[in-house]
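Colleague: Just to be clear, the model below is a prediction. Sequence and coordinates:
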Amino acid sequence: MSTPNYEDGVLAVLRQQARLLVAEVAGPLRRIQIRRGDAVVEIEWHGERRAAEPAEPAAAWWAAPPSGPAAAPEPPGPDVSRPVGEAGKHSIVSPMVGTFYRAAEPGATPFVTVGDLIEPGRVIGVVEAMKLMNEITAGHAGRVLDVLVDDGQPVEFGQALIALDPA
Amino acid sequence: MSTPNYEDGVLAVLRQQARLLVAEVAGPLRRIQIRRGDAVVEIEWHGERRAAEPAEPAAAWWAAPPSGPAAAPEPPGPDVSRPVGEAGKHSIVSPMVGTFYRAAEPGATPFVTVGDLIEPGRVIGVVEAMKLMNEITAGHAGRVLDVLVDDGQPVEFGQALIALDPA
Amino acid sequence: MFEKVLIANRGEIAVRVARACRELGVRTVAVYSTADSDSAVVRLADEAVRIGPPASRHSYANAAAIVEAARQTGAQAIHPGYGFLSEDADFAEVCADNGLVFIGPDPEVVRAFGDKSRARALMRGAGLPLAAGSVETLPNVATAQAVADEIGYPVIIKSVAGGGGRGMEIVRSPSGLVEVYARTQLAAQALFGDNRVYLERYLVNARHVEVQVLCDSYGNGVHLGTRDCSVQRRHQKLVEEGPAPALSACTLDAIADAALRGALAVGYRGAGTFEFLVDDAEGFRFIEANCRIQVEHPVTEMISGIDLVHEQLHIAAGVPLRMRQDEVRLHGTAIECRVNVEDPDRGFAPTPGRLDRFLPPGGPFTRVDTHGYPGYLVGPYYDSLLAKVIVWAPDRDLALYRMERALHEFDVAGPGVRTTIPFLRRILDDAAFRKGRYSTGLVERLMDPPGPPHRSDRPHPPGGADNPGTPGASELAADQPTPGRTP
Amino acid sequence: MFEKVLIANRGEIAVRVARACRELGVRTVAVYSTADSDSAVVRLADEAVRIGPPASRHSYANAAAIVEAARQTGAQAIHPGYGFLSEDADFAEVCADNGLVFIGPDPEVVRAFGDKSRARALMRGAGLPLAAGSVETLPNVATAQAVADEIGYPVIIKSVAGGGGRGMEIVRSPSGLVEVYARTQLAAQALFGDNRVYLERYLVNARHVEVQVLCDSYGNGVHLGTRDCSVQRRHQKLVEEGPAPALSACTLDAIADAALRGALAVGYRGAGTFEFLVDDAEGFRFIEANCRIQVEHPVTEMISGIDLVHEQLHIAAGVPLRMRQDEVRLHGTAIECRVNVEDPDRGFAPTPGRLDRFLPPGGPFTRVDTHGYPGYLVGPYYDSLLAKVIVWAPDRDLALYRMERALHEFDVAGPGVRTTIPFLRRILDDAAFRKGRYSTGLVERLMDPPGPPHRSDRPHPPGGADNPGTPGASELAADQPTPGRTP
């Protein structure tokens, strides 16, 4: 049901988000990029970024969330290694709500460390949900740029766990 | 209180109106003109103008009124000969709600006729309000292009009575 | 019932009247100034006539233009809303002269209540208690001094032709009387073209309690209980609630009965409000009556289930009153908050501008009356009331929580636009207000709080420098757009 | 009271629950799918957890994700809203196993009412009248034929595990029974994983009347009167009102008493609805019970003044019922219209899209529950309910006019977006509906009107070609988002 109509709606929402952001954050614009594929709004300003005006309530319903994608219209397939959360950066994301563990047990060696070169299928961590341990595997090869969640921390669905430089 | 802030607001509303109009009326655009002085939105399309989609309720609160200026932020001075109602056309407008008469009494010669060349101060008609006859005079010289209201018809404040080709 | 009614007003009250008319199958004519072409009522009404430029004296207060518009469109009656021409006896007469029904009391009644001195005398005659002071106009400053010495200071000197909180000043000690007397006379002359003044005992921290009445053309009348309107800043009401809290049922009944007695004594017709001051000992005194629908009428509608604008229309159309006093049942508590386009941190200065975002609250027992919409341009020409949020609950505590919830949801934003919402939330948070034990001094106290504010969305600016700090807030409340506030 | 509640739902009901929590000082956790990042409840709630992709079986119907989210955020209770997991006994048990309060009845009660056969037996045991038919599951088609011959045609064959209008079909004559029996079994297996069916006498043009009950954990219960939900299209309710019109007070009392008797007999806890069919002679029969808050609960709230979601929370927190039956007072009439993002001229097909304009009605005695706002993108993933408009008036006639006024104001527009508003106005305009003398056949009749429509905003398209014209609308109403409707 990914009708063209719906896709246009996404673009329109992106444009609106961009417009709102430009309105809310003062400063001379340099560039606006609006994408549709993974729903990105990117805005660059000239010079120093100025803080948002205090007059704009931060909790406006339709303002963009402070982080995370505006929408991810396609349900994720088995490959959970997709750009999510930050435009252009490749991440491995959590496929479920739960608790993230970097190692198989407390004190054990983490599954991956920054700098590791990993292959598809490599276990990068575990997400515990309903007392079940779910191994999270890499979908693509690449070098680990960052581990984005601390050991034992709660994670949301789709939350980026590992930043990857695709090989 | 014609603050810059307020003026910007007017422009913004005009732009919004233009955007809504473009969205509501299909067809290839030719030209958009947005003015501030007398608050005009003018939009031209290529080819035949298509009717608005039936899906768009005509009574949307914030759609532009079908005719007439979106706003006239400055109260009119004594000179009532200003462009109002249709962008770019010079008109003599009614300074009050009432009934328009083209002649001093039924059957008499009209004050002006199409083609007349008139001078400032020339009486062009009468608007009756609360049983008082108010003479309407031209503020500028020009040639009468059209008499826009029939004899004995009700007129609103600011309604164009005479279209004038300024001399 | 009328077939067509002209609405001689703008803003939320024009929308309110248009709704009532449509519900009764009455066609509507909106009138509008050139500043209001895109207003909500122009779109909601069946017809609309542009009557003048932004300045209200040439448009919404322009009797000739409005009567002409009614004649053009074939309207049979004119609903004046509040403010503008709503309490103008001359306009009511012009309507009658032109065969139009003015939806309000007889011109003579409007005129009598417009003269505070006459109103006091009439109400004293009807047995209503008055604040101690001069019933009649003061002939000179010597009499003023004698009366003030007798009743004791502080006193308040008021314009006879005034009302709505204008043309009045407090005198705190004998030394100030001569000067204030002269100044009030001058102000009265300038504002109302009538320099007569009178004098009353001024009650510090009194409660402002008013009674809603409905009377028909046949001598029938009912009251619909009380409203407390003590939350005021410089005569401008900010929060109203009904029934008036923390007063005994016995006192509330006595005030309501007095109001109805006063209304029936003068042959009042339509919806009206009788205002009283109530002191610590629950003693009450009549101060003035308003011959119009009030801004805060939804409070009464929500506790009574009665649509006051419907009743205004029925009464004006000659229908006998559709309820007896024993059929009026009040339930629960209703609270109204006025969301004005003003900056509470800058002395409540108006902040007109375009509303980029406008999302009023909704949900259970929550009503919003507004002419706002996303993209609406709030102009600088008229009063700053943008929306009224009214909630109902079976008890006052829940009503307060519900209002807090509603204001929390309300999202209004635009370049330069500020609203009273943060200040309203500060009021809701005040311990005395929550207990129902507040008076007309509440707002002044909150504008310069001694300690740090609690749970308020926007912290009070350091130093509170924008508080003009002018003491002397009086007890009267303006309920109307200021007709003269034009550029 | 709880300190923190997780709202396991989306759309308007999630907003509704968040409002109730805030009014009671309870902190809220919203959960949302990736399709709902910009949803109203995510912004209104104190916290929000993204629980899955758009497909509801992986997000809003994903028990594990929701329980994990509750555990992460420290929520003590879960409000399931309607649809999704609201009547899932297994989920209720999982909540209990994890130390979370499921805001609803005991799992065993949910399970009993989920099995229509057991529910019928239980209610017959409690003395409620049932529609003639097989109380127990039909063992084979021969028994079905025997029962149908005995009670007479038409009959309706229903899935034992079904509900909400799915898994059922009407049989109009003996010749169709074998085929429909087999088809319903197959459908029941496919939809609910349970092929058991039963059979009832089908009432043509019956009224669908339901009763709201509230019961606590201590054996106390009250009913809050009736609602009529006969205005349905293919089991989807479009308009509801309360009290049910044009039935005698005696019948209404008898239905309400029966419902409460049934609820108390099974140890029901929380807010529940008991549904009945009422025939021409005002005879009534129990059909099913819903163990959740209903879409149309605001109708009852407006006539009773009781906030049902507040009461759900109080009851779940162990508070004894806060009212006795003799303290429940119903006033006036309330009507609800469901504004769905659907095209009535194209068989009510969903029309998702971005809302360029979204301006719901307001003003006196008008309530709107919605998650919509200007700029909101209505996605294709969930059910099409966008807003509920509810009005109240002292009498039904005025309530109808008020609803007409409210729908007239409601402005929704966006590329490709259509709503049910024009069709709702056609219903309000129908003579039989206005008289209160309508039944479940109303919508079918209006979808293909014999003559030209009156006063309708959008004329019916020539030929009415988009009317699928499928007869056989049944009497049950679906009240829940279809969890499986994913791309």
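Modeller: Okay, I see it.
Colleague: Show the average pLDDT along the one helix or strand C:Ala18 maps to.
Modeller: Using DSSP states H and E, C:Ala18 sits in helix C:11-23. Mean pLDDT, helix C:11-23: 98.
Colleague: Helix or strand: which one has the most far-flung residue of chain C relative to its centre?
Modeller: In chain C, the residue that sits farthest from the middle, by Cα atoms, centre = their mean, is C:Ala142; the gap is 34.2 Å. C:Ala142 belongs to helix C:141-151 when assigned by DSSP H and E.
Colleague: Just list what that helix packs against, helices and strands only.
Modeller: Applying 3 or more Cβ pairs under 8 Å, 6 or more residues apart in numbering or on different chains; DSSP states H and E, one finds that helix C:141-151 makes contact with strand C:155-163, helix C:177-192, strand C:197-201. For the C-beta atoms, the positions are set from N, CA and C on the backbone; glycine is no exception.
Colleague: by how many degrees do the longest one and helix C:141-151 diverge?
Modeller: When you say that, I think you mean helix C:177-192. Angle of helix C:177-192 versus helix C:141-151, following axes from the mean of the first three to the mean of the last three Cα atoms, to 10 degrees, is 110 degrees.
Colleague: Repeat that for the last one.
Modeller: For strand C:197-201 against helix C:141-151, the angle by the same axes, to 10 degrees is 10 degrees.
Colleague: Report all helices and strands that the helix or strand that strand C:197-201 is followed by contacts.
Modeller: Next along the chain after strand C:197-201, taking DSSP H and E as the criterion, comes strand C:207-215. In terms of contacts (3+ Cβ pairs under 8 Å, 6+ apart), strand C:207-215 is packed against strand C:221-233, helix C:249-265, strand C:270-278, helix C:308-316.
Colleague: can the very next helix or strand once past the last one be found next to chain D?
Modeller: Proceeding N to C from helix C:308-316, the next assigned helix or strand is strand C:333-340, under DSSP H and E. No - using Cβ under 8 Å from any Cβ of the partner chain as the criterion, no contacts between strand C:333-340 and chain D are found, and the smallest distance is 11.2 Å.
Colleague: I'd like the mean pLDDT over strand C:333-340, please.
Modeller: Here the average pLDDT along strand C:333-340 is 98.
Colleague: before we move on, what about stretch C:256-263?
Modeller: pLDDT averaged over stretch C:256-263 gives 98.
Colleague: in that stretch, what counts as buried?
Modeller: C:Ala256, C:Ala258, C:Ala259, C:Leu260, C:Arg261, C:Gly262, C:Ala263 (16 or more other Cβ atoms under 10 Å in any protein chain shown).
Colleague: again with stretch C:325-340
Modeller: Quick answer for stretch C:325-340 (16+ other Cβ under 10 Å): C:Leu330, C:Gly332, C:Thr333, C:Ala334, C:Ile335, C:Glu336, C:Cys337, C:Arg338, C:Val339, C:Asn340.
Colleague: which of those residues sit farthest apart?
Modeller: Put simply, by Cβ to Cβ the two of the buried residues of stretch C:325-340 set farthest apart are C:Leu330 and C:Asn340, 27.9 Å from each other.
Colleague: quick revisit: would you format the helices and strands packed on helix C:141-151 as CSV with mean neighbour count included?
Modeller: Shown next, in CSV, are the helices and strands packed on helix C:141-151 (neighbours: other Cβ atoms under 10 Å in any protein chain shown):
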stretch, mean neighbour count
strand C:155-163, 25
helix C:177-192, 17
strand C:197-201, 24
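Colleague: Great, nothing more from me.
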